[in-house]
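K.L.:
Please work out how this folds:
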Amino acid sequence: MKSIHCWEDLSRFGIVPLTGEACGLSYRILCDVTAAGKKVIEKALDVAQLGLRENWNHGSPDDPHVGCVMLAPELLPFLGVFALLESGCREVWLTKSRQVVGIEAHDEPDQADSLKRYCGDDLARRFAYAGTAGDRNQHVMSGRVH
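P.N.:
Next up is the predicted model:
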């Protein structure tokens with residue numbers, strides 16, 4: 001299982017939090033992103049090409065930062081769901097306390113049941129790419145993917 005509890009947890013998915021001081025409203029968090037992080041944000045927002053500002057740090061030579069973006073705190077669970085699904089989790093659970101837990105493909109089949117028992121009433125919603133077209137649904141009449 002993988003979990004996302006804070007902004008730093010998104011670093012392993014290519015969304016690297018830097019500071020909250022960059023936002024003139026003291027609201028958004030400045031994040032550098034790698035190519036993988038950019039793909040997660042594009043998938044979550046359903047945009048073909050995310051225009052990023054210039055990155056603040058270089059990152060590592062094998063995984064360089066490709067740009068930066070300021071993100072609102074409320075986006076942490078939203079982006080966490082997509083980060084976990086895109087990293088191969090077969091299902092992701094959002095808790096009422098806004099924490100995100102992913103069941104990985106190699107986890108035992110009863111992991112989701114164990115999570116349900118452990119978290120109990122704190123579980124709010126399950127996400128999985130199990131629809132007709134993954135993260136976008138297929139219109140039944142036209143066959144078009146929305």
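
K.L.:
Measure how buried the closest residue to Ser97 other than its chain neighbours is and give me the count.
P.N.:
Closest residue to Ser97 apart from its sequence neighbours, by CB to CB, 6 or more residues apart in numbering: Asp122 at 6.1 Å. The way it works is simple: take the backbone N, C-alpha and C, and place the C-beta from them, glycine included. For Asp122, the tally of surrounding residues (other CB atoms under 10 Å) stands at 12.

K.L.:
Quick one: classify the nearest residue to Asn137 once chain neighbours are set aside as helix, strand or coil.
P.N.:
What sits nearest to Asn137 in space, not counting adjacent residues and going by CB to CB, 6+ apart, is Gly131, at 5.3 Å. Classification of Gly131 by DSSP: H, G, I helix; E, B strand; the rest coil places it in coil.

K.L.:
Am I right that Gly131 is in contact with Val145?
P.N.:
No: using CB atoms under 8 Å, Gly131 makes no contact with Val145, being 10.1 Å away.

K.L.:
all strands for this structure, in order.
P.N.:
Assigned by DSSP state E, the strands in the chain fall at 2-4, 15-19, 29-34, 59-60, 63-71, 89-95, 100-104, 123-127.

K.L.:
Right, I'll leave it there.
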